[in-house]
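1. Model the structure of this input:
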Amino acid sequence: HRVPTSTSPSRSYRPPSHLMDRGLGRLSVLAGHLLGATPSSASSDKSSAGSSSSPAKLSVDVPEMKKVLREGYDEECLKVRERLMEVLSTPLFQPRTNMTMEEHRKLTTERVYKIAEKRLLKTEELLSKYNQFVMVKEHLAYVDFSLQVKDSVHYGLFAGSIFCLGTEKHRKYFPKIDTLEMFGCFALTELGHGSNVRGIETTAEYDRATNTFVINTPTVSAQKCWIGNAANDGLWSTVFANLIIDGTNYGIHPFITPIRDPATKQPLSGVYIGDCGFKMGLNGVDNGRLAFHNVRVPYENLLNKFGDVIDGKYVTSIPHHGARFNSMLEALVGGRVAVGACSLSGAKLGLLIAVRYGLSRRQFSPNQGKEPEMLLLDWYSHQRRLMPALAGTYAFQIYGNYVRHRFQHQGEKDHREIFLLAASFKAMATWHKAETLQLCRECCGGQGFSAESRIGVLRTDSDVDLTYEGDNTVLMQAVSKALLQEFSSYFKGKKPLTAMLKYTWMSGHIGRVFRNKNFIVQMLASESSLHSPEVYLDAFAYREFKLLRQLARDLKDKTKVKKMSGFDAWNTSMDLIMHLARSYVDRVSLERFLAAIQVAADPSLAGKPAPASPIPTTDSQIPNVQTLRAMCNLYCMTRMERDMAWFLEHQFLAPSRARAIHVESMKLCTQLREVALPLVEAFDIPEVLVAAPIAGDWLAPKTDVVPWLVNKEQA
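-> I've put the predicted structure just below:
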């Protein structure tokens, strides 16, 4: 009942010797999964059900596949990981269940301070060593999402806001932030304004006489709400407020604001703190509400990168309020990238647990008990759920690597595009994580419902990812809006704001859309074309531009002909807006997947600009290349199947071709099942952080109520 792994540390649960002896036969069979061998059990013969022909055998070089998934993590980053694991491997960081909210909060705080002792992260290196920052957060998520969030609020949001929005004079705070002497919060969201942060009501009025800012909460709805670290531990906070000088509102600006006495931990005069209480998840994070009544902060506490007060007058290099506020938000986009990356940690851990359990738990005999019961993962219903989720996780991990790289190496002209890439990645990665963890929970049956199995806890703890650091629906609207602006700039001959449409425009896809309504029909005429990445890349580009053109026409018709306001036109086009944004992510994530396959086939391409045509060669015999191509094809087919109604409605596909895609995706699920275990082992999750009984010997922890059986077999 134990699944073999490619990692060396011992598991938390050790079976009695008699159970180990009983399982030796199975171990030799299951070990073949890591080597890509075909199981010899009777049940494995059923794995090709639904296939008309035997698929090609795939194999995985686990160490090399790890490199694909952690692209951008250099040797220095891996050394930091080793230092981090020295801490995370201690008993303090073992997963715990059945805690009260107070116990969970206390444990989480203790863990944050213990990590801080290692000095792994420095505020001054937040951008230059951003990869290390993300890597640390990904691993904290494996331990507990509450730990990852609480740590990220301080080192990501609080420290990040001072680093990104402050100037040289604010660097003096960095050492105290690094040691948690200035344990921080990030106060932007208000009770009455979440997604619409431009509408926040908190004020900071400049007092000429004292050269200070006076912060006030003018209404009940202006309370800062859901502020992480505020209820118990936060000593300081970056407070966003409307800067008012002589009665004139100059828009939203950030202020470093002390909120507690560091000695007594009591709120300072004029600061009022409430507790958001018990939540559906993340109960190790002390979310709170903040209100301010005539709280004075010194002049130097204004984070003045984008706006300042000099000699009593407001000074800025960005006069427009909206553009200035956008620049502030774009400077903080690193936190959004980290949220997406940590969400994928949840998906990866859930898949590792579910796949291991599926390769050790049996259910139902194919011949009324005359043959061994089948492994769960040999059931097609299991393959059909877990394999597309696995392929999607690879796709979004590779996409996330690209976004992370772009963020760390961004230039002045890249800010807007990276802002939108981060928005799309965060939204799609968190949606994918929520869906994947639900599938994993169901695939583990009743065992998956147990808190000690971790999947359900991961699901509820990370559910807030869908709405914090930007509501996913709002983020995707920003993506579609940017695509419309790019579309317009190309036709008007203006310089594009971003390179969001670069590949599709350079490849001539717009011309083909206008010239030939269904040019891909011919391309999908053969069986081999169903496994051609170029076909799917063209298909996704075709759909994206059709939707983009349709949205542009619809908005123009609603405003020019139907005389609707721009606001109403946008609001009534929401389905199309969301569809376009998802289509954009499908296309870009596929481009990145194909580029990663090229690097796997030719490592000399690593770190170089992507080729003009991101289509990998088909003749590579490198094991990982063939497996990655199979994963990529399954990802493409799954995305097309989900939107098959659109492709059929627009006569992009004949019904027979739509059916062929479905059949081929079924074959790929069965084919990838044979290498499912090495594929999840390539996630490189340290064994000590897995800590789920059903991912190992799930019988051993259940022998406590059957001592007579244990004693009998031992005798």
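
2. What strand or helix carries the spatially most central residue of the chain?
-> Ranked by distance to the mean C-alpha position of the chain (CA atoms, centre = their mean), the top residue is residue 340 at 2.2 Å. When elements are assigned from DSSP states H and E, residue 340 belongs to helix 333-358.

3. Mind giving me the packing neighbours of the following helix or strand past that helix?
-> Using DSSP H and E, the next helix or strand after helix 333-358 towards the C-terminus is strand 362-363. Contact analysis of strand 362-363 by 3 or more CB pairs under 8 Å, 6 or more residues apart in numbering; DSSP states H and E lists strand 374-375 as its packing neighbours. Where C-beta positions appear, they are placed from N, C-alpha and C, glycine not excepted.

4. Give me the sheet partners of the strand it packs on and which way each runs.
-> Using DSSP bridges, the strands paired with strand 374-375 are strand 362-363 (antiparallel).

5. and the helix holding residue 340, which residues are buried?
-> Using 16 or more other CB atoms under 10 Å as the test for burial, helix 333-358 gives 333-358.

6. what's the offset of it from the middle of its chain?
-> Relative to its chain's centre, helix 333-358 lies at 7 Å (CA atoms, centre = their mean, to the nearest Å).

7. For residue 510, give me the pLDDT.
-> As predicted, residue 510 sits at a pLDDT of 54.

8. ugh, typo on my part, it should be residue 366
-> Note for residue 366: predicted pLDDT of 81.

9. and if you look at residue 5?
-> On the pLDDT scale, residue 5 gets 48.

10. can you check the one 4 residues further on too?
-> Looking at residue 9, its pLDDT is 35.

11. Start the count at 555 instead of 1 going forward.
-> OK, 555 is where the count begins now, so the last one is residue 563.

12. quick one: contacts of stretch 671-686?
-> By CB atoms under 8 Å, 6 or more residues apart in numbering, the surrounding residues in contact with stretch 671-686 are 626-628, 630-631, 634, 637-638, 640-641, 687, 690, 709, 713-714, 716-718, 725, 727-728, 731-732, 888, 958, 961-962.

13. quick one: buried residues of stretch 664-680?
-> Under the neighbour-count criterion of 16+ other CB under 10 Å, stretch 664-680 has 665-666, 669-670, 674-677, 680 buried.

14. Just the helices from the stretch 1105-1254 of the chain, written as ranges.
-> Using DSSP state H, counting those that start in this stretch, the helices found in the stretch 1105-1254 of the chain span residues 1120-1125, 1128-1155, 1177-1196, 1198-1203, 1209-1227, 1230-1235, 1241-1244.

15. Any idea how far the third one is from the middle of the chain?
-> Read that as helix 1177-1196. How far helix 1177-1196 lies from its chain's middle: 20 Å, per CA atoms, centre = their mean.

16. what comes up buried for it?
-> Neighbour-count burial for helix 1177-1196 flags 1177-1194 (criterion: 16+ other CB under 10 Å).

17. swap in the second one?
-> By neighbour count with 16+ other CB under 10 Å, helix 1128-1155 contains the buried residues 1130-1155.

18. That one - contacts with which helices or strands?
-> Using 3+ CB pairs under 8 Å, 6+ apart: helix 1128-1155 touches helix 616-623, helix 934-962, helix 969-997, helix 1026-1046, helix 1056-1060, helix 1087-1110, helix 1177-1196.

19. taking the mean pLDDT, what do you get for that helix?
-> Averaged over helix 1128-1155, pLDDT sits at 94.
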